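A.B. asks: based on what follows, work out the 3D shape:
(chains A and B)
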Amino acid sequence: MKEFEGAVDQHYKNLYYFALNLTRNGADAEDLVQQAFLKLAKSYSKIRDLTKLKSWLFSTLYRQFIDQKRKTNRYPEIQYEETSTDALVTEPTGIGSGVDCTTVLTALKSLKESLRVPLTLFYFEHYSYQEISDVMELPLGTVMSRLYRGKAELYKQLKDPQTAAVDGNI
Amino acid sequence: MDILEAKQLLSAYQSDKDHFSDPHMLEALSMLENDAELAEWFEHQLAFDRQVKEALRDAPEPVGLKDSVLQGYRNSKRNKVIRYVRWATAVAAVLLLGVGGFWSYASNYNNKMHEYATFREGMSHYIAGSYFILDFLDTDLGKIGHWLEKKNSPMYESIPALLAEKEPLGCKKMAWRGQDVSLICFHREDGKIIHMFVAERSGLSEEAFANLDEVLISHDLETGGWVTDTHVYLLTGSEPGVTIKEYLG
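C.D. replies: Predicted coordinates:
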């Protein structure tokens, strides 16, 4: 019980934000976190390497989300035109110092799922592209490309969220 | 590696991680020394990453989620116990019904042997369909006789020579129509068993042991016996096809 409580204590917050970025809905995110931890409770004795607990939790939650999405068709993809991937190069002034958590979360939410997921793992979990590839079960090249494009999109959203929203019909 | 590949790799650069074991990342990093434009892009990239990470560090705790996860865990453990108890109860009930059913069946079956008018039919009915356990197990005929005496169960006077050569298994004291009956079992070399029933003649009617010396099939078992002044004997095979004729003497 104590080990389980420790695992919850350590990972529930980041798992929640990962789930929130997947579902873009607080209640659904909480459900996903609950399910992931219940699965952990059932499989705890089978996890041989507890140092990989975090990656097990994130992978499990992500797979649950993919399963639910397939079954319920509840999380439609955002349709918008992608930003030029050179955006970061041409904007040396950055996004200013006023950017806060809510703004970043809102900007992340507005991105396509395929870009949102790797970015969330990159920024929240400080995951390497190899670790992101493990969680998402994607080739390394695809992860790098999505991080590159995702950052350009996120930058655009943060730089000028209103224009981005109009451009992207969000 | 071209500029686009280098940018994609550098997009995955984590400033707080060690990338020395990644040759591709090292190659991309080395390109920064000779490409000022790429180096500038990378600086902006790092600054952007820093700002986003700093902002996300302030993400608030999701209210109540931790408690509800732990409560869900406790409920699942409690449900597991309840499921286990239900399962164990169901298994116990099935076992109880099985044992009770078997006991009831065996009891009814054995009671039916008292309805037969002849010793032959009553005893062969008992052997043909009843699962029974011997009261005393021993391969020494002397000890078997001693046990029967001690229990006041009908004692045989003598055993036909060929049957006496077989290894005894043990014996049982039972009752038929209010009379005590002894059952002694012998093992044949082929694994089959010959049962010998002994009852006191005085307790049985003449009809009960009429024609007992004839070898007849009763309840699919070969049966045959003999009568002395004081006792009535019956041999039966343990299953159809087991002959007893040769042991009658």
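
A.B. asks: contacts, neighbours, all on C-alpha from now
C.D. replies: Will do.

A.B. asks: ok, B:Leu162 - how many residues close by?
C.D. replies: 11 (other Cα atoms under 10 Å in any protein chain shown).

A.B. asks: same question for the one 3 residues further on.
C.D. replies: By other Cα under 10 Å, 13 other residues sit near B:Glu165.

A.B. asks: tell me the contacts of residue 33?
C.D. replies: Answering for chain A, as no chain was given. Taking Cα atoms under 8 Å, 6 or more residues apart in numbering or on different chains as the criterion, A:Val33 is in contact with A:Tyr12, A:Leu15, A:Tyr16, A:Ala19, A:Leu61, B:Val69.

A.B. asks: the chain in question should be chain B.
C.D. replies: For B:Glu33, the contacting residues are B:Ala39, by Cα under 8 Å, 6+ apart.

A.B. asks: for it, helix, strand, or coil?
C.D. replies: On the three-state scheme (DSSP: H, G, I helix; E, B strand; the rest coil), B:Glu33 is labelled coil.

A.B. asks: quick one, phi psi at it?
C.D. replies: Note on B:Glu33: its backbone torsions stand at phi -70, psi -30 [degrees, to the nearest 10].

A.B. asks: if I look at it, how far off is B:His187?
C.D. replies: Using Cα to Cα, to the nearest Å, B:Glu33 is found at 98 Å from B:His187.

A.B. asks: tell me the residue in chain B that is farthest from the middle.
C.D. replies: In chain B, B:Ala36 marks the outermost C-alpha relative to the chain mean, sitting 78.5 Å out by Cα atoms, centre = their mean.

A.B. asks: gap between that residue and chain A?
C.D. replies: Distance from B:Ala36 to chain A, counting by Cα to the nearest Cα, to the nearest Å: 12 Å.

A.B. asks: where does A:Leu111 land in three-state SS?
C.D. replies: Three-state assignment for A:Leu111 (three-state DSSP): coil.

A.B. asks: which residues touch the helix or strand hosting B:Trp226?
C.D. replies: Following DSSP states H and E, one finds B:Trp226 within strand B:221-227. Residues from elsewhere that reach strand B:221-227 (Cα under 8 Å, 6+ apart): B:120, B:124, B:128, B:201, B:209, B:212-217, B:232-245, B:248.

A.B. asks: pLDDT on the helix or strand containing B:Phe102, on average?
C.D. replies: Secondary-structure element containing B:Phe102, defined by DSSP H and E: helix B:65-112. For helix B:65-112, mean pLDDT is 83.

A.B. asks: next SSE after that helix?
C.D. replies: Per DSSP H and E, the first helix or strand lying C-terminal to helix B:65-112 is helix B:119-129.
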